[in-house]
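# missing the sequence, but the structure's below:
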């Protein structure tokens, strides 16, 4: 007969392995009802904590887990590169899981990593993640975890981010400085913190320059793998809705490149008629015509910084020291190119 | 006291867990010396096969592993997307590991997946993999494994590929059909089978059209994440070496786009002076100026096909049926754009 595992109990009750584990250990954040159910089933099935489960907490696997919304995005590709470079230098292997911007997948992947013998977890949240219980569970289980780029402000762990609000402010201020008066914003989806922060930075720059905020100038794009088409569609719609827009701050370069391709097709001159600033500094931004002014988002550096912090916390935990949570904010920079040549 | 694991034995002897496992089971492909060492250490340490290890072979984890040379490459991104879509439909999670085109990392990752509870493995080889023992070990351990895109012909397992030789032949024949007589080839690195096959397809097309093969017209690029710059460098070098080249078949779109950017910079007219065909049909190929003629490489379809075959083999294994290895060849297609407009 096969031994009964935490997973078996979790499966039968339709709850996570973490919850089962915590219920058996009487963690305060599991309800009394759940604890009773778990303990009863554990007794019925004759569950015994196995050697492997004990290993989980005492032995290093030299493996770390990385959960990322979309691998194909060039920014995340650079983050992955930075993480792997640092991890390899310290002798760690990196397991990568893609949430596809979906909360349910993110949750499953986190469960998987908790069940595997990873020494720590790095995560950038899916766009539709609003419940953070799965993240708090990881912290409750004393597993080192670093959030980066798309974070939850309320989750108590280390974070590596850029100052999205300031970067967006700089981008918008640049458009104002070259003479733009009606500035549209193609923003990311509504939920992620960085999309919200970029929107707030855009709005603050307008306010500080006494330019009235007009909600009809804000277009949403999901920024998934159809980003390029979204840029084309938003640009097309913008031309139908408004004939007086002279500048656009766009949430990510790929969307901006889609917009540029649509404007080129329709004979709209950039920057003479519309100036454009993107975000992330993808290498293609300097290749397209006209080349794209953008915010340089340091993906490689972010990846390095994320792993370094994780490594520090793994060491602190190993030495039974208090883990010292950090919020690391990396600098960004405006790269001016042809899409915002001063023309006015 | 913690129980002794296969990993402990492997660590102490500096060999892989797979080798330890096979040594203990008297597999024929482990040397007598290694077997003796492993068995002696196992006795000394009082090793007992644990419940988890047994689970490994009897219980499904609903998790599969994917080893890929470089995630950032748009072709592999599409493959990943296809694999995840199919895997999710069947309730499987996909663990992704990046070899960075390095044999040593690929080997470590394969060991890791064998130690984790994955139900099957999908792999595209690193450029510098020449020894296939680590792959044969997986097959010897009865773990379903599918190779795709960059494969080893001699490893006996299922494979999903395109007909690289035919695709390269078509690309070169297209250049000949529009009137090119001196055709260069920017090829990938020397080892991977698909880079070899594309080169052979190029050469065969020349031969079939009575165009003499000239080795000095073949330029190598590693096609790593500096591909774009490699395209620029090769284009620059080609202009110094040869003033009579009128066509180039280039191993991958990103390199081709680098070459186009260099030719644009130097005022070389495409396709009037030089016609160019790329490979893969990255979406940027239709955006750049001039747009790039290329071979459409069906990444998404390949990913779907890879997981479907893996799933089939997992099922066959579960039912104790003979696993039926397949070689699946997906069709490719030439997409003609402005970089090879008929001008002669």
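Okay, I see it. Given the structure is predicted, the values throughout are model-derived calculations rather than measurements.
# Make sure residue A:146 is indeed in a strand.
Yes - with DSSP: H, G, I helix; E, B strand; the rest coil as the criterion, residue A:146 is part of a strand.
# bridging residues for it?
Here residue A:146 sits in beta bridges with residue A:122, residue A:158, as judged by DSSP bridges.
# Please work out how many residues are found near the closest residue to residue A:216 other than its chain neighbours.
Excluding its sequence neighbours, the residue lying closest to residue A:216 (Cβ to Cβ, 6 or more residues apart in numbering or on different chains) is residue A:241, at 6.7 Å. Quick note: C-beta positions are derived from backbone N, CA and C, even for glycine. When counting by other Cβ atoms under 10 Å in any protein chain shown, one arrives at 12 neighbours for residue A:241.
# my guess is residue A:241 contacts residue A:215, does it?
No - judged on Cβ atoms under 8 Å, residue A:241 makes no contact with residue A:215 at a distance of 11.9 Å.
# Break chain A down into its domains, please.
Split into domains by automatic domain parsing, chain A comes to A:6-54, A:60-162+A:299-332, A:164-298+A:334-340.
# Double-check residue A:149 against residue A:79; I have them as touching.
Yes - taking Cβ under 8 Å as the definition, residue A:149 is a contact partner of residue A:79 at 7.1 Å.
# ok, those two, which is more surrounded?
Neighbours per residue, other Cβ under 10 Å: of residue A:149 and residue A:79, the larger number sits with residue A:79, 29 against 25.
# and the gap between that one and chain B?
11 Å (Cβ to the nearest Cβ, to the nearest Å).
# what helix or strand does the closest residue to that residue other than its chain neighbours sit in?
Spatially, and ignoring its direct neighbours in sequence, residue A:79 is nearest to residue A:303 (4.1 Å; Cβ to Cβ, 6+ apart). Secondary structure assignment for residue A:303, by DSSP states H and E: helix A:299-318.
# Just name whatever secondary elements the very next helix or strand once past that helix is in contact with.
Per DSSP H and E, helix A:299-318 leads on to strand A:327-330 as the next helix or strand towards the C-terminus. The elements that strand A:327-330 packs onto, with contact taken as 3 or more Cβ pairs under 8 Å, 6 or more residues apart in numbering or on different chains; DSSP states H and E, are strand A:158-162, helix A:299-318.
# For strand A:327-330, buried residues please.
Within strand A:327-330, the residues that qualify as buried are A:328, A:330, counting by 16 or more other Cβ atoms under 10 Å in any protein chain shown.
# What strands flank the helix or strand that that strand is followed by, and is each parallel or antiparallel?
Following strand A:327-330 in sequence order, the next helix or strand is strand A:333-335 (DSSP H and E). Counting by DSSP bridges, the strands paired with strand A:333-335 are strand A:294-296 (antiparallel).
# avg pLDDT for the strand it pairs with?
When pLDDT is averaged over strand A:294-296, the result is 97.
# Can you tell me the SS state at residue A:128?
Classification of residue A:128 using three-state DSSP returns coil.
# From residue A:38, how far out is it?
Distance, residue A:128 to residue A:38, by Cβ to Cβ, to the nearest Å: 29 Å.
# next one: residue A:82
Distance from residue A:82 to residue A:38, by Cβ to Cβ: 40 Å.
# quick one: which of these two has more around it?
Between residue A:82 and residue A:38, counted using other Cβ under 10 Å, the more crowded position is residue A:38 (24 against 21).
# Look at the more buried one and give its secondary structure.
Look at residue A:38: counting by three-state DSSP, its state is helix.
# How confident was the prediction at it?
As predicted, residue A:38 sits at a pLDDT of 89.
# number of nearby residues for the closest residue to it other than its chain neighbours?
Among residues not flanking residue A:38 along the chain, residue A:23 sits closest, at 3.8 Å (Cβ to Cβ, 6+ apart). For residue A:23, the count of nearby residues is 26 (other Cβ under 10 Å).
# Who does residue A:330 form a beta bridge with?
Counting by DSSP bridges, residue A:330 forms beta bridges with residue A:162.
# contacts for stretch A:269-278?
A:171-172, A:174-175, A:178, A:180, A:245-250, A:252-253, A:255-257, A:259-260, A:263-264, A:268, A:285, A:290, A:292-295, A:334, A:338-341, A:343 (Cβ atoms under 8 Å, 6 or more residues apart in numbering or on different chains).
# Out of those residues, list just those in helices.
Under the assignment DSSP state H, the contacts of stretch A:269-278 contribute A:171, A:172, A:174, A:175, A:253, A:255, A:256, A:257, A:259, A:260, A:263, A:264 to helices.
# what number of residues lie near the first one?
Burial of residue A:171 is recorded as 28 neighbouring residues (other Cβ under 10 Å).
# what's the answer for the second one, then?
Residue A:172 has 26 neighbouring residues, counting by other Cβ under 10 Å.
# Would you quantify the distance from residue A:18 to residue A:67?
15 Å.
# Can you pull up the most central residue in chain A?
residue A:150 (2.8 Å; Cα atoms, centre = their mean).
# just checking, it is part of a helix?
No - judged by three-state DSSP, residue A:150 forms no part of a helix; its state is coil.
# I figured it was touching residue A:69, is that so?
Yes - at 6.7 Å, residue A:150 counts as touching residue A:69 under the criterion of Cβ under 8 Å.
# which stretches of the stretch 151-300 of chain A have low pLDDT?
For the stretch 151-300 of chain A, residues meeting the criterion pLDDT under 70 lie at A:223-226.
# need the residues of it near chain B, please.
Proximity of the stretch 151-300 of chain A to chain B (Cβ under 8 Å from any Cβ of the partner chain) is limited to residues A:225, A:228, A:257, A:261, A:283, A:284, A:287, A:288, A:289.
# tell me the secondary structure for residue A:64?
When classified by three-state DSSP, residue A:64 comes out as strand.
# Grab the nearest non-local neighbour of it.
The shortest distance from residue A:64 to any non-neighbouring residue, by Cβ to Cβ, 6+ apart, is to residue A:120 (4.9 Å).
# how about the one you found, what does it touch?
Counting by Cβ under 8 Å, 6+ apart, residue A:120 touches A:64, A:65, A:143, A:144, A:145, A:146, A:310, A:311, A:313, A:314.
# Distance check, the fourth one against chain B.
Okay, so that is residue A:144. From residue A:144 across to chain B, the span is 19 Å (Cβ to the nearest Cβ).
# per-residue pLDDT, that residue?
On pLDDT, residue A:144 comes in at 96.
# Go ahead and confirm it touches residue A:317.
Yes - contact criterion Cβ under 8 Å: residue A:144 and residue A:317 qualify, at 6.0 Å.
# Give me the more crowded residue out of the two.
Neighbour count, other Cβ under 10 Å: between residue A:144 and residue A:317, residue A:144 has more, with 25 against 16.
# Quick check: phi and psi on the more buried one?
With angles defined as degrees, to the nearest 10, residue A:144 sits at phi -60, psi 130.
# Just give the nearest non-adjacent residue to residue A:339, would you?
Residue nearest to residue A:339 in three dimensions, not counting chain neighbours: residue A:276, with 4.4 Å by Cβ to Cβ, 6+ apart.
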